[in-house]
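S.K.: Here's my sequence, what's the structure:
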Amino acid sequence: MFTKKGKSENGGAKDGGGGHQFMAELRGEYTIVDSENRVVYQFQYQPVRDQAERRRQDFYMYFPVALPPLEPGQYRLQLLVEDLIGNKVASNPQPLTFHITPAQPSGTPGAKTAQQPVGPAAQGKSNR
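M.R.: Just a heads-up that it's a prediction; the model follows:
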């Protein structure tokens, strides 16, 4: 699982009545597409509703992404956020591309298991 953070400027916020509250309703979804542009998985999050006394300049949403079982190959992840009040749609300008490699049998040199962390964190390094 990995995460993707989305940002919205809340352009579709509407006055919640009496000039005291602004409401926003945003819904996210992600689609995984294979190398032949076929949709292999799609997930839609529940809408997020927000109410504030002032129009928000930004609004961050947390999108946990769980990958389904996928065959080896190259894929693209496209994130979409829909403003349900403002009737607008935004997507990531450049989809995330990733590659699934065939699993190596346990005990094979170079095979990684769940008990063997990989990457900079496993080596005591940070990307920051």
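
S.K.: And for Met23, the neighbour number?
M.R.: 16 (other Cβ atoms under 10 Å). For the C-beta atoms, the positions are set from N, CA and C on the backbone; glycine is no exception.

S.K.: So it belongs to a strand, correct?
M.R.: Yes: assessed with DSSP: H, G, I helix; E, B strand; the rest coil, Met23 lies in a strand.

S.K.: quick one: it from Val65, how far?
M.R.: The gap separating Met23 from Val65 is 27 Å, by Cβ to Cβ, to the nearest Å.

S.K.: burial measure for the residue lying closest to Phe43 once chain neighbours are set aside, as a count.
M.R.: In this structure, Phe43 finds its nearest non-sequential neighbour in Tyr30, 5.6 Å apart by Cβ to Cβ, 6 or more residues apart in numbering. The tally of other residues near Tyr30 (other Cβ under 10 Å) stands at 21.

S.K.: just Leu26 next, same as before
M.R.: Neighbours around Leu26, by other Cβ under 10 Å: 23.

S.K.: need the contact list for it.
M.R.: Ser8, Pro47, Val48, Asp50, Phe59, Met61, Val81, Glu82, Asp83, Leu84 (Cβ atoms under 8 Å, 6 or more residues apart in numbering).

S.K.: Filter these down to just the ones in strands.
M.R.: Ser8, Val48, Asp50, Phe59, Met61, Val81, Glu82, Asp83 (DSSP state E).

S.K.: farthest-separated two in these?
M.R.: Using Cβ to Cβ, the two most remote members of those are Asp50 and Glu82, lying 14.3 Å apart.

S.K.: Give me the more crowded residue out of these two.
M.R.: For Asp50 and Glu82, the more surrounded residue by other Cβ under 10 Å is Glu82, and the numbers stand at 18 against 15.

S.K.: Make sure that one is actually in contact with Gln44.
M.R.: No: at 9.4 Å, Glu82 and Gln44 do not qualify as touching, with contact defined as Cβ atoms under 8 Å.

S.K.: any residues in contact with both of the two?
M.R.: Shared contacts of Glu82 and Gln44 (Cβ under 8 Å, 6+ apart): Arg27, Gly28, Glu29.
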